[in-house]
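Novice: after the sequence you'll find the predicted model.
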Amino acid sequence: MKKVVLITGASSGFGKLTAEKLLATNEWVVYAASRKIEKMNDLAEKGALLLKMDIVSDEEVNAGVAKIIEEQGRIDALLANAGYGSYGMLESVPMEEIKYQYEVNVFGNARVLKAVLPQMRKQKSGRIVFTTSIVSHISMLGLGWYASTKHAVKAMAVALRQEVKNLGIQVVLIEPGVVKTGFDSIAVDTLRKVNHPSDYKPLVDGFDQYMVDSYTGCPGPESTAKCMFKAITLKNPRAVYKTTMDSKLLPKVKAHVSSSFFDKMMLSIVKKSEKKFHGNN
């Protein structure tokens, strides 16, 4: 009998690639969920069952999960992968933008989690995989609101791991660093649209250049999708998968330096990037 997985944020990036890997095994019924169902037609051609699911909607989340249970009678795994991020100085980012990041990354994951858990408890089995980020450990100027949502998801997942340990349900965290998925174009675009006070202009320009340079040389999504596949399929997966070199190294560096030194290091990097920004513009 095939196992059943629900993947949110399956229209691109990690979610789409992981769905393709699971479909290729012919051992999984894959429900691919996204706000834009038309972007998943290629997954449907490979055998995925598509769900229009905006995770900010109680109605769409509950209806989607109910449909899976009605059709399959079970849910063996959830890849809670849908997410949204934008950059900007804390004071400058509009409240509606801050709220939307939380609505998707924190409350959206909470909605899906609360929808699938009753069935998994009934089954006495299940696997829940959360996509967090290196910024669940490290924050820096320009990333404050986005990083805070990922800190929240990590805290939620760690607590859940303990709460369901004796119920046959496993919880896994996926922690990528900077990865080329298309996420950066949305986040940096928002940074450039935010009306920052002139006091922040040097930091904004430097952060902009730093992000552009980071994403220019970063890896693609393959290593992260491979870890997601393991997290879903292995009998005894790790509790946490750090999927890129920066996600493995930078939290260790931060843990061994003082907060003041870390701040100085980040500001120095951004200052150098600011000089490059003005040299390019």
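Specialist: Okay, I see it.

Novice: neighbouring contacts of the host helix or strand of Ala110?
Specialist: For Ala110, the host element (DSSP states H and E) is helix 109-123. Contacts of helix 109-123 from elsewhere in the structure, counted by C-beta atoms under 8 Å, 6 or more residues apart in numbering, are 6, 8, 55-56, 58, 61-62, 64-65, 69, 74-76, 78, 80, 82, 126, 128, 130, 153, 156, 160, 164, 167-169. Quick note: C-beta positions are derived from backbone N, CA and C, even for glycine.

Novice: select only the buried ones of the residues you listed in ChimeraX?
Specialist: The following ChimeraX line selects those of the contacts of helix 109-123 that are buried, judged by 16 or more other C-beta atoms under 10 Å:
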select :6,8,55,56,61,64,65,69,74,75,76,78,80,82,126,128,130,153,156,160,164,169
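
Novice: in helices, which of the contacts of helix 109-123 appear?
Specialist: Those of the contacts of helix 109-123 mapping onto helices are Asp58, Val61, Asn62, Gly64, Val65, Ile69, Val153, Met156, Leu160, per DSSP state H.

Novice: and which of the residues you listed is nearest Tyr210?
Specialist: Val153 (23.8 Å; C-beta to C-beta).

Novice: tell me how far the residue nearest to the closest one when sequence neighbours are not counted lies from Asn62.
Specialist: Distances taken as C-beta to C-beta, 6 or more residues apart in numbering place Thr132 nearest to Val153, at 5.1 Å, with adjacent residues excluded. From Thr132 over to Asn62 the distance is 24 Å, taken as C-beta to C-beta, to the nearest Å.

Novice: kindly report the same for Tyr102.
Specialist: From Tyr102 to Asn62 the distance is 20 Å (C-beta to C-beta).

Novice: now the strands: where do they sit in this protein?
Specialist: Listed in chain order, the strands of the chain (DSSP state E) span 3-8, 28-34, 49-52, 77-80, 126-131, 169-175, 240-242.

Novice: so where's the stretch 151-281 of the chain shaky on pLDDT?
Specialist: Low-confidence segments of the stretch 151-281 of the chain (pLDDT under 70): 281.

Novice: for the residue nearest the centre of the chain, list the residues it contacts.
Specialist: For the chain, the residue nearest the mean C-alpha position is Thr131 (4.0 Å; C-alpha atoms, centre = their mean). Thr131 sits next to Gly9, Phe14, Leu79, Ala80, Asn81, Gly83, Ile174, Pro176, Met228 when contact means C-beta under 8 Å, 6+ apart.
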